[in-house]
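# Structure of the sequence below:
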Amino acid sequence: MKRKHSLWMMILVVVMAVSLIGCGSTQSSLENKDAAKPTAAKVTIGFSVSTLNNPFFVTLKDGADKAAKEAGADLVVVDAGDNTAKQISDIEDLIQKKVSVLLINPTDSAAVVSAVESANKANIPVITVDRASNGGKVVSHIASDNVKGGSMAADYILKALGNKGNIVELQGTAGTSAASDRGKGFHSVVDGKDGVKVVASQPADFDRAKGLSVMENILQGNKDIQAVFAQNDEMALGALSAIQAAGKSNILVVGFDATDDAVKAVKDGKMAATIAQKPDLIGKTAVETAMKVAKGEKVDASIPVALELITK
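Here you go, the predicted model:
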């Protein structure tokens, strides 16, 4: 009887052991199955910037970088160096990499159309940033209201001059929507005003060195100038250097972008004003919009970023 009891005990122990092994195997199998489940694909955003040789666009990129990290997305930034052909080539490379969404800050609003259309054919959503594209399908355009900014600058100048005086306009890069729109807003206010005359309106390509040289030439041919509107701060700072070198201290200089150097010049009383375009917020908004597009959410066709007049 004792032997029989022992035999049954041995059988029970073996059955329990087999059961535990089976449970362990099942649990291990389930764990492995869970581990094998695919995770959501990471969003990769391609960002073609017109140039990183300009503080405004560096700040814009930094705002985009920060937003991408917070969103857990990969941001691939390429610098066109203000070269249209390079930008188109860069965008083609981003298309080949199959980015989830493409952000484009055009060097030229007309020339970039072919690149936008290439992205359209590859079914990659396109968002334009700060500058628009003249064609192709764009899901959303994120920028300040450049027309309004140009008119804000003009209103400030006319008020400061008492609606009377000669004004110089330094234009940005030809073919960019920013230059066109800022000029449009500026001229909508000053053109046709009695006692107000735009004595020179010349391009300086959003560049400080060119702003300096163009302003030097203008000063040689125009001795009676009361104000300068430069379509960005780099040109405004270049113009300021030319004005100072010419020994003039009574010419108002108004810029656009509110870069650190320009804001300091305003606070120091060297520049009269600048229009704050908030590039970091533009970059942040661009990435946040790209994340929504990547998730299949609807976004507005145009997303404006607020402007602000900065004075001393």
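# so where do the helices sit in this structure?
Applying DSSP state H to the chain gives helices spanning 2-35, 55-71, 84-96, 113-121, 146-161, 177-190, 208-221, 233-245, 260-267, 279-294.
# Can you say which of those helices is nearest to Arg131?
Between Arg131 and the helices of the chain, the shortest separation by C-beta to C-beta is 4.8 Å, and it involves helix 177-190. For glycine as for every other residue, the C-beta is placed from the backbone atoms N, C-alpha and C.
# so how far is Gly136 from Ala115?
Distance, Ala115 to Gly136, by C-beta to C-beta, to the nearest Å: 8 Å.
# hmm, back to that, looking at the helices of the chain, which one has the lowest mean pLDDT?
For these, mean pLDDT drops lowest on helix 2-35, to a mean of 45.
# and Ala115 and Gly136? which has more neighbours close in?
Using other C-beta atoms under 10 Å as the criterion, Ala115 and Gly136 rank with Ala115 on top: 25 against 18.
# Look up the closest residue to the more buried one, ignoring the ones flanking it.
Counting by C-beta to C-beta, 6 or more residues apart in numbering, Ala115 lies nearest to Ile91, which is 4.1 Å off, once chain neighbours are set aside.
# From Ala122, how far off is that neighbour?
From Ile91 over to Ala122 (counting by C-beta to C-beta), the distance is 10 Å.
# Of those two, which one has the most company?
Ile91 (26 against 14).
# re earlier: out of the helices of the chain, nearest to Asn105?
Of those, nearest to Asn105 by C-beta to C-beta is helix 55-71, at 6.9 Å.
# so what does that closest one touch, helix or strand wise?
strand 44-49, strand 74-79, helix 233-245, helix 279-294 (3 or more C-beta pairs under 8 Å, 6 or more residues apart in numbering; DSSP states H and E).
# for those, which one sits closest to Leu103?
Ranking those by proximity to Leu103 (C-beta to C-beta) places strand 44-49 first, at 4.3 Å.
# which helices and strands sit right next to the closest one?
helix 55-71, strand 74-79, helix 84-96, strand 101-104, helix 279-294.
# Give me the residues contacting the first one.
I take that to be helix 55-71. The contact list for helix 55-71 (C-beta atoms under 8 Å, 6 or more residues apart in numbering) reads 43, 45, 47, 49-52, 74-75, 77, 103, 105, 129-130, 232-234, 257, 259-261, 277, 279-284, 286-288, 291.
# Show me which of those are buried.
By neighbour count, with 16 or more other C-beta atoms under 10 Å, those hold 43, 45, 47, 49-52, 75, 77, 103, 105, 129-130, 232-234, 257, 259, 261, 277, 279-284, 286-288, 291 as buried.
# burial count for Lys148?
That count, for Lys148 with other C-beta under 10 Å as the rule, works out to 16.
# I'd like the distance between it and Leu252.
Going from Lys148 to Leu252 by C-beta to C-beta gives 20 Å.
# for Phe206, same thing?
Phe206 is 20 Å from Leu252, by C-beta to C-beta.
# Comparing the two, which residue is more hemmed in?
Of the pair Phe206 and Leu252, Phe206 is the one with more neighbours under other C-beta under 10 Å, namely 28 against 19.
# surely that one meets Met235?
Yes - checked against C-beta atoms under 8 Å, the pair Phe206 and Met235 is within contact range at 6.3 Å.
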